[in-house]
Structures are given as structure tokens and as C-alpha cells.
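Peer 1: mind looking at a prediction? Sequence and model below.
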Amino acid sequence: MRLLRRRPLSYTVLVLFILDRSLSMMEPKTYDYRGKWFHLVDLVEALLRRLGRSRMAPAFRVGFVWFSDDVEVVEWNGEVYFPVAPRNVALDVFRKSAERNRPYGMTAMADALEAAASVVERYVDQLTLPPEKYGTLFLFTDGRETRRTVDDVVVAAEKITMELAERMKKLNERNRIGLATIALGQDADRETLRDIASFLREAQRRVLEDRGLLDLVDPPYHEKMFIDAPADDRITREWEEAVRRFVERLSETATV
């Protein structure tokens, strides 16, 4: 009986979720009147299952940063990002992290982005991974910076999208990373979230358009990786599903 040899991994894709757990995330501004935090947890779990079934599943490495007054980079066995295949370790780790990250406090967004940058640095520097590396970070929040300043938020985001992106390119010219932002309520600092979001590449824009998602993304310009809050400030089932598809598509098109 001939044994099939697994092809060596030629590239990896970091998917990093930066998740708001401030007290306002318990507001029941949702279609079923559960708190927004519960919907965010469900959304991430659904995404992790979908990524585990993706044709790119072996390449994904998924991490999590929770934030409110303080920040937690989720770590397990010394690792800060986890595979979704062949066993979905990321899903197991995320579920355990959600149990201890119930909403409280306010919104330390700049601190969260700095913590996310530290995860990206570890990813860039990990020599056991192939030098061809891609990544997309997804920041979900319904609030505004409360510990520091908006300028601090912008500087922290630029470290990821400029400084670390340049370091990645020095490893391999194909390497790149993007920051996507999702406003979970009208009280979010939507102007800053749009400002710090990366521009869509043309190939990503075409994919979103083909999937019927472009109208949701960065209206009316459709230029950046930004999703505005629902117009009536209530998360609908349709909006939630569209956000899930948006995250999935950007994760899978990180290499294009």
C-alpha cells in the first residue's frame, strides 16, 4: 500500500481577531435581543469552523486579542496563533478564552492594536514557518478609545500596516498584511475605524463584488477594509451573515 506524502507548506496566512469586550458589548441591540458580545462569539466560532473547511485550511494560523480596560493576547502552550486543520485547535482555544473574557469596562483600542502588533512580530520572526507569509487583522468594536488618544490608535495601527508590513516584505516580496475594521454600533468611532483600515486590493474588491458584498463595505467609496455599523444601530441576521462572509473572503484572498 503506497503511503501518500503530505506536501510541505509553502506559505501561511495569519488571521488575527481583535475583539471588544467592553461593557457596552452587552447591549441587546440585536435581532434576538442578546448582547452584541454573544453574537460576536458566535460569529468568530462560525468563522473558525468555515476556515477549518477551507481549501486553504492547512495554511491558516489564527490568533485572538480581547480588550476593554485591559488587553489579553490569548496564549496556549506558549503559542499565540493556532491551526484550524487537521484539528481545529483555534476553535478550542477561542471557546476557552471566551469563558474568561466576559464584557466589562471601557475601550483600550490603542493598547489592543499594540498587542496585536506584538503577535504579528512573532509571526514575522518565526523561522519555522515558510518565508512567504500573509495576514489580515480584524478589529471588532462598538466604542471609542477611552484610555489614550485617537492619535495613539492611528500610530498603533500604522505600526502594523506600515512598519511590520515593510518587515514582512523584506522576507519575501510577496508578503503583505491588512487591517480590517468592523463597527458594531453607531457609537463606535467610525471615522477613525475607516481611517486606520487598509485599502482593498483590486482582486479583493472583485471577489467582494462577485459575492454581492461590496455594497456593505466602506460605503459609498468601497475602497477600504471597513464595515460601518447597521444604519438603525441594531445587528440584523442579514448584516451578521454578510460580515461573516466578508471576513471569510478577506482571509481567503490575503494571498491574491
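Peer 2: Sure, I can see it. Numbering: from 1, shown residues only.
Peer 1: helices of this protein, residue ranges please.
Peer 2: Taking DSSP state H as the criterion, the chain contains helices spanning 36-53, 89-99, 109-125, 150-158, 165-171, 190-196, 202-210, 237-252.
Peer 1: in JSON lines: those helices, plus distance to residue 9.
Peer 2: Every C-beta, even on glycine, is put in place using the N, C-alpha and C of the backbone. Formatted as JSON lines, the helices of the chain follow (distance: least, CB to CB, whole Å):
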{"stretch": "helix 36-53", "distance to residue 9": "15"}
{"stretch": "helix 89-99", "distance to residue 9": "16"}
{"stretch": "helix 109-125", "distance to residue 9": "14"}
{"stretch": "helix 150-158", "distance to residue 9": "29"}
{"stretch": "helix 165-171", "distance to residue 9": "15"}
{"stretch": "helix 190-196", "distance to residue 9": "31"}
{"stretch": "helix 202-210", "distance to residue 9": "22"}
{"stretch": "helix 237-252", "distance to residue 9": "16"}
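Peer 1: nearest to residue 81, of those?
Peer 2: helix 109-125 (6.5 Å; CB to CB).
Peer 1: buried stuff in that closest one?
Peer 2: 109-117, 119-120, 123-124 (16 or more other CB atoms under 10 Å).
Peer 1: quick one, what contacts the residue nearest to residue 35 when sequence neighbours are not counted?
Peer 2: Of all residues not flanking residue 35 in the chain, residue 26 sits nearest, at 4.0 Å (CB to CB, 6 or more residues apart in numbering). Contacts for residue 26 (CB atoms under 8 Å, 6 or more residues apart in numbering) come out as 35-37, 103.
Peer 1: what pLDDT does the model give residue 26?
Peer 2: Residue 26 is assigned a pLDDT of 98 by the prediction.
Peer 1: from residue 102, how far out is it?
Peer 2: 8 Å (CB to CB, to the nearest Å).
Peer 1: overlap of the contact sets of these two?
Peer 2: residue 37.
Peer 1: residue 191: neighbouring residues, count only.
Peer 2: 9 (other CB atoms under 10 Å).
Peer 1: report pLDDT for it.
Peer 2: 97.
Peer 1: repeat for residue 231
Peer 2: 87.
Peer 1: can you get me a residue count around it?
Peer 2: 9.
Peer 1: how far away is it from residue 225?
Peer 2: Counting by CB to CB, the gap from residue 231 to residue 225 is 20 Å.
Peer 1: repeat that for residue 256.
Peer 2: Separation of residue 256 from residue 225 (CB to CB) stands at 14 Å.
Peer 1: swap in residue 39?
Peer 2: From residue 39 over to residue 225 the distance is 20 Å, taken as CB to CB.
Peer 1: with residue 25 instead?
Peer 2: 21 Å.
Peer 1: thinking again about what came up before, of residue 256 and residue 225, which one has the most company?
Peer 2: Counted by other CB under 10 Å, residue 256 and residue 225 do not tie: residue 225 has more neighbours, with 26 against 11.
Peer 1: surely that one touches residue 197?
Peer 2: Yes - look at residue 225 against residue 197 with CB atoms under 8 Å: they come within range, at 4.6 Å.
Peer 1: alright, calling it a day.
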